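>>> dropping the sequence and predicted coords here.
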Amino acid sequence: MFLRNGLEPWHLLIVAVVLILLFGSKKLPDTARALGKSLRILKSETRAMKDESGRADTAPGTAAETAPRTIPGA
């Protein structure tokens with residue numbers, strides 16, 4: 001029988017035991033710290049890219065956009 005809630009508390013317990021067996025209890029905090037730091041860096045870079053693209057959208061036209069266009073051969 002399938003449950004509506006696919007993740008039960010005992011699933012989390014099994015995942016925790018497997019992680020401890022794979023990485024060991026000494027390396028697990030270092031790994032979690034490194035993962036958290038990487039996610040913070042990714043989040044800040046993503047926010048910077050969004051801010052940069054937002055400024056480009058609202059900024060006045062660039063020289064390429066405001067320069068008169070010439071038609072070749074005319």
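In hand now; what should we look at?
>>> lowest-pLDDT helix or strand in the protein?
helix 63-66 (a mean of 53; mean pLDDT, DSSP states H and E).
>>> show me where the protein has its helices.
Along the chain, the stretches classed as helices by DSSP state H are 9-23, 27-58, 63-66.
>>> can you put those helices in JSON lines and add mean neighbour count?
For every residue, glycine as well, the C-beta is placed using N, CA and C. Below are the helices of the chain laid out as JSON lines (neighbours: other Cβ atoms under 10 Å):
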{"stretch": "helix 9-23", "mean neighbour count": "10"}
{"stretch": "helix 27-58", "mean neighbour count": "10"}
{"stretch": "helix 63-66", "mean neighbour count": "7"}
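>>> by mean pLDDT, show me the worst of those helices.
Confidence, taken as mean pLDDT, is least for helix 63-66 of those (a mean of 53).
>>> what residues does Phe23 make contact with?
Taking Cβ atoms under 8 Å, 6 or more residues apart in numbering, we find Phe23 in contact with Thr31.
>>> repeat that for 10 Å
For Phe23, the contacting residues are 29-32, by Cβ atoms under 10 Å, 6 or more residues apart in numbering.
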